[in-house]
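Q: Provided below are the primary sequence and the corresponding predicted coordinates.
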Amino acid sequence: MGLYRVSRNLEASIIEFLRDELYGSWSNVKCEKTFSRVYDIDLPVILVRCGTTVHPRAQIGDNATMRTATILIDIFAENDGQRLDLKDWLIETIKNGCPYYEYEIVNGEIDDQTLNGKIQVREISDTPIDFDVPKNNLEPHDRYRHLISIECSLGKVEA
């Protein structure tokens, strides 16, 4: 038995939240956590990963910090319209935050989860990914990409 640490819990919590929300809003959109899987499955795909994290001191004279993580959400769409629609849907869906779970792992699989707060979204930015190459010269998964960056916090001091 093992436990995910904060960064993996953030990724897994957001993936679980988006999968639940996708189920009621979109059909055939997959949500993944590794690039290698994205290129092996049909479009459209959403990829969630933890990027840069900062740990500023919570107070002077103490080693406790307040984590702010950047969550990167890549959209791999079939066309420009789908890319824009998925981007807008994702921002609308995630901007109010989502539940934060701590996951217990057994034999490499999630065995249990415990709700332990809420992921608070502080800032969102989005940008289309432009490889500066004609789209028909790119692999299908790279033709209509978009990146959403979310700065988030758990609002908790970490010892």
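A: Noted; the coordinates are in hand. Here the structure is a predicted model, which is why all the values come from computation and not from measurement. Numbering: from 1, shown residues only.
Q: Could you point out the helix or strand that follows the biggest strand by length in the chain?
A: Counting by DSSP state E, the longest strand found in the chain is strand 109-129. Toward the C-terminus, strand 109-129 is succeeded by helix 140-143 as the next helix or strand (DSSP states H and E).
Q: May I have that next one exported as CSV, CA atoms only?
A: The C-alpha coordinates for helix 140-143 follow below in CSV (Å, rounded to 0.1, in the frame of the first residue of the first chain):
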residue,chain,number,x,y,z
PRO,A,140,-3.3,14.5,-36.6
HIS,A,141,-2.9,14.8,-32.8
ASP,A,142,-0.8,18.0,-33.2
ARG,A,143,-3.0,19.9,-35.7
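Q: Next SSE downstream of it?
A: Next element after helix 140-143 (DSSP H and E): strand 144-153.
Q: For that next one, what is the distance to the chain centroid?
A: 7 Å (CA atoms, centre = their mean, to the nearest Å).
Q: how close does the residue nearest in space to the middle of the chain sit to A64?
A: Centroid-nearest residue in the chain, with CA atoms, centre = their mean: V48, separated by 3.2 Å. Distance, V48 to A64, using CB to CB, to the nearest Å: 27 Å. For every residue, glycine as well, the C-beta is placed using N, CA and C.
Q: what does D42 give?
A: For D42, the distance to A64 - CB to CB - is 45 Å.
Q: now R57
A: 7 Å.
Q: Mind listing the shared neighbours of those two?
A: Shared contacts of R57 and A64, defined by CB atoms under 8 Å, 6 or more residues apart in numbering, are absent.
Q: Quick one: end-to-end distance for stretch 72-84.
A: 17 Å (CA to CA, to the nearest Å).
Q: ditto for stretch 145-159
A: Start and end residues of stretch 145-159 are separated by 38 Å (CA to CA).
Q: Buried residues of that stretch, list them for me.
A: R145, H146, I148, I150, E151, C152, S153, L154 (16 or more other CB atoms under 10 Å).
Q: now the angle between strand 144-153 and the longest helix seen in the chain, please.
A: If you go by DSSP state H, the chain has its longest helix at helix 6-25. Between helix 6-25 and strand 144-153, the angle comes out at 120 degrees (axes from the mean of the first three to the mean of the last three CA atoms, to 10 degrees).
Q: If anything else comes up later, I'll come back, but that's it for now.
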